[in-house]
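> Give the three-dimensional model of this entry:
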Amino acid sequence: MGTTLRSSHMRRPHETMRIILTTFVGVVFGFFLGASIPTLTLTKMNLPTSLFPSIDLTYIEEKYSGLSSQALLNVLSSLKPHKSFSPHKPNSTEIWMPTNPRGAERLPPGILASESDFYLRRLWGLPSEDLTIKPKYLMTFTVGYELRENIDKAVKKLSDNFIILLFHYDGRTSEWNEFEWSKRAIHISALKQTKWWYAKRFLHPDIVAPYDYIFIWDEDLGLENFDAEEYIRLVRKHGLEISQPGLAQNSGFTWLMTRKQDGMEVHKNTEERPGWCTNPNLPPCAAFVEIMAPVFSREAWRCVWQMIQNDLVHGWGLDLALRKCVEPAHEKIGVVDAQWIVHKTLPTLGNQGQAENGRAPWEGVRERCRREWTMFQDRMAIAEKAYFAAMAMEIDSAKPTGQEKN
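Predicted coordinates:
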């Protein structure tokens, strides 16, 4: 009995000591674990929009003047990898693939068809037997019925390797059936819309992915001296990702860069008017084509499509920014002189404008073109400034405490 009591009394000090030692070790371990985790800063967070009003971002606006907090947060968020989050917990009888495109997580990856095309298919037979030939290039024209004869001549210059897509801005589509090739073409109609409006909505990169090159051309081009297959050959030979045919001397006003140079297959630079080019490798002396007849490789178009602004329909200013989609731009953008065209400068779509205050319809259209040019330039400048400011903040936040620049 006495022995049992002594043993019980002896265990209590040992248990107390063990508890104290365990607690001390836990505190020390927690301290060092916390010290090893980097300080959490704003630039390390992807903040939901609902939290923005409650965050004081004054220091951002002071350090990076001219940029809104919203713009910086947008860029910072885009710099972080986006992880698909869902509370869904699949079991062994369900499918859940977070790496699938958003909204398709419940599908097995093998059934996903993320790309499409403009190939016409039959309503009968086997799908594998629908196509006797798969065109490798896409030619688009934005057209009105008045210039149908010109488009007919242009289409007849193309080989069977081209699929034809017509965007109709005047609503007249069935009349084109007078041409046999029109019955095999794709027709999309929306009143008084430009080719860049159409391109943004109907030429998504995943839709045109099967085509090696995408031609986005005006309707008033003369192709009498143009061979499309030879053009493609030269584009490949000279490594051009963005290109256009050279413009004949009688094409009206054009930049010198896009004028045909005699005796050349391709040119990638030129000498413009004095003072127009501060850098010989930048537009308008290089890395530049116009928006009337551009040709894009599949890879270049994936970038260019993203840059087209949804509400800026005329595309003015886009030609000067195309260089941002290829590198080095002065090597991968050029003009094919050996295959040249004539730009007839017919103001067809301009006449689709509205007469106001005694002004002709085309005057309002031209005014908006100029306004959109300025708007596009401003948006690009703001976006680039926000990006580089955000990158600077990332670098600052990564530096050890005490090394930040004031």
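> got any ranges where the stretch 1-150 of the chain has weak pLDDT?
Judged by pLDDT under 70, the stretch 1-150 of the chain has its weakly predicted residues at 1-91.
> low-scoring stretches of the stretch 251-400 of the chain, by residue?
Residues of the stretch 251-400 of the chain that meet the cut-off, pLDDT under 70, sit at 252, 347, 349-351.
> Give the rounded mean pLDDT of stretch 166-174.
For stretch 166-174, mean pLDDT is 96.
> Spell out, range by range, the helices that occur in this protein.
For the chain, helices defined by DSSP state H occupy the ranges 2-36, 58-63, 69-79, 148-155, 195-202, 228-237, 298-307, 318-321, 329-332, 361-398.
> how close does the residue nearest to residue 212 when sequence neighbours are not counted get to residue 128?
Once its chain neighbours are removed from consideration, residue 212 has its nearest residue in residue 136; the separation is 5.1 Å (C-beta to C-beta, 6 or more residues apart in numbering). All C-beta atoms are positioned from the backbone trio N, CA, C, and that covers glycine. Here the distance between residue 136 and residue 128 works out to 19 Å (C-beta to C-beta, to the nearest Å).
> Could you check which of those two has the larger neighbour count?
Set side by side, residue 136 and residue 128 show unequal neighbour counts under other C-beta atoms under 10 Å, the larger going to residue 136 at 15 against 6.
> Contacts only, for the more buried one.
Counting by C-beta atoms under 8 Å, 6 or more residues apart in numbering, residue 136 makes contact with 161, 210-213.
> Buried among the residues you listed? Make that a PyMOL selection.
The following PyMOL line selects those of these that are buried, judged by 16 or more other C-beta atoms under 10 Å:
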select buried, resi 161+210+211+213
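> JSON lines for the contacts of residue 136, including distance to residue 290?
What follows is the contacts of residue 136, written out as JSON lines (distance: C-beta to C-beta, whole Å):
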{"residue": "161", "distance to residue 290": "25"}
{"residue": "210", "distance to residue 290": "27"}
{"residue": "211", "distance to residue 290": "21"}
{"residue": "212", "distance to residue 290": "22"}
{"residue": "213", "distance to residue 290": "17"}
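> which of the contacts of residue 136 lies closest to residue 178?
residue 161 (24.2 Å; C-beta to C-beta).
> got the contact list for that closest one?
So, once contact is read as C-beta under 8 Å, 6+ apart, residue 161 ends up touching 133, 135-137, 228-229.
> what about burial for those residues, which qualify?
For the contacts of residue 161, a burial check counting by 16+ other C-beta under 10 Å picks out 135, 137, 228.
> So what's the residue count around residue 273?
When neighbours are defined as other C-beta under 10 Å, residue 273 has 10 of them.
> quick check: longest strand of the chain.
With DSSP state E setting the assignment, residue counts place strand 333-343 as the longest strand in the chain.
> May I see the buried residues of that one?
For strand 333-343, a neighbour-count test (16+ other C-beta under 10 Å) marks 333-343 as buried.
> how near is residue 128 to residue 111?
When distances are taken as C-beta to C-beta, residue 128 and residue 111 turn out to be 18 Å apart.
> related to what we said a few turns ago, just want the angle from the longest strand of the chain to helix 298-307.
80 degrees (axes from the mean of the first three to the mean of the last three C-alpha atoms, to 10 degrees).
> List the strands paired with strand 333-343, with their directions.
According to DSSP bridges, strand 333-343 has the following sheet partners: strand 221-222 (antiparallel), strand 242-247 (parallel), strand 266-267 (antiparallel).
> what's in contact with the last one?
Spelled out, that is strand 266-267. Strand 266-267 is touched from outside by 234, 238, 240, 243, 246, 261, 334-338, with contacts defined as C-beta under 8 Å, 6+ apart.
> Let's have those in a markdown table, adding distance to residue 101.
Formatted as a markdown table, the contacts of strand 266-267 follow (distance: C-beta to C-beta, whole Å):
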| residue | distance to residue 101 |
| --- | --- |
| 234 | 37 |
| 238 | 36 |
| 240 | 31 |
| 243 | 32 |
| 246 | 41 |
| 261 | 45 |
| 334 | 35 |
| 335 | 38 |
| 336 | 37 |
| 337 | 42 |
| 338 | 42 |
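> mind listing what the residue nearest the centre of the chain touches?
The structure's the chain has its C-alpha centroid closest to residue 306; by C-alpha atoms, centre = their mean the separation is 1.8 Å. With contact set as C-beta under 8 Å, 6+ apart, residue 306 has no partners.
> related to what we said a few turns ago, so what's the gap between the longest strand of the chain and the chain middle?
Averaged C-alpha coordinates place strand 333-343 at 25 Å from its chain's average position (C-alpha atoms, centre = their mean, to the nearest Å).
> tell me the phi and psi of the residue nearest to residue 154 when sequence neighbours are not counted?
Nearest-residue entry for residue 154: residue 223, 4.7 Å, with adjacent residues in sequence omitted and distances by C-beta to C-beta, 6+ apart. Listed backbone geometry of residue 223 is phi -110, psi 20, with angles given as degrees, to the nearest 10.
> What does the pLDDT read for residue 223?
Residue 223 is assigned a pLDDT of 96 by the prediction.
> Mind checking which of the contacts of residue 136 land in strands?
Counting by DSSP E, those contribute residue 213 to strands.
> how about TSV for the contacts of residue 136, with pLDDT added?
Output for these, formatted as TSV (pLDDT from 0 to 100):
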residue	pLDDT
161	97
210	97
211	98
212	98
213	98
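> Wait, residue 121 touches residue 132, no?
No - no contact is recorded between residue 121 and residue 132 when judged using C-beta atoms under 8 Å, the distance being 11.8 Å.
> more crowded one of those two?
In this view residue 121 and residue 132 are compared by other C-beta under 10 Å, and residue 121 has more residues nearby, 10 against 6.
> ok, now which ones touch the more buried one?
Applying C-beta under 8 Å, 6+ apart, one finds that residue 121 lies in contact with 127, 130-131.
> again with residue 164
139, 141, 155, 158, 181, 184-186.
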